[in-house]
Every structure is written in structure tokens, then in C-alpha cells.
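[1] Make a model of this:
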Amino acid sequence: MTVVTTEHAPLRPRRVAFDWQDTPLHWVPGDPFSTHMINVLHLLLPAASAGSSTSTSRCCR
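    Model prediction:
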């Protein structure tokens, strides 16, 4: 049997720092167009996936 408690663990903020100096400008080395296309797909596909899920659920009720 699993015991469930209603107490919450305290949240403690951390100071996080990232060093972006060595991060490449283009994800595909030497190919800014492919990098841009991949970035656009990462922006558009989640919205398209949500839209298709919504229309599929409406269609199949």
C-alpha cells in the first residue's frame, strides 16, 4: 500500500548561470538555412500536433 501525504516539500530557488560563449550560432554547422528550417519546425509542429489532436477528437466522438 502506498502512503500519500498532503505536505509539500519546500521550494528553494537556485542561482543558475549558463555559459553561452561556446554555443554554436547554427545547429547544422555551416548551414544557416537548415538551422533556420529546423528552428521553424520546432515552433510549428507542436501547434500543428495540438490542432490535429483537437480535430481528431472532435471527428471521432
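[2] if I look at P24, how far off is T35?
    To T35, P24 is 9 Å away according to CB to CB, to the nearest Å. Bear in mind the C-beta positions are built from the backbone N, C-alpha and C, glycine included.
[3] who has more neighbours, those two?
    Counted by other CB atoms under 10 Å, P24 and T35 do not tie: T35 has more neighbours, with 16 against 9.
[4] What pLDDT is listed against the closest residue to that one other than its chain neighbours?
    Distances taken as CB to CB, 6 or more residues apart in numbering put H26 closest to T35, at 4.2 Å, once the chain neighbours are dropped. Looking at H26, its pLDDT is 87.
[5] Let the chain start at 868 from now.
    With 868 as the first residue, the last one maps to H893.
[6] What ranges does this protein have for its helices?
    With DSSP state H, the ranges of helices along the chain come out as 899-926.
[7] for it, what are the low-confidence residue spans?
    868, 915-928 (pLDDT under 70).
[8] change it to 80
    Where the chain drops to pLDDT under 80, the residues are 868-873, 913-928.
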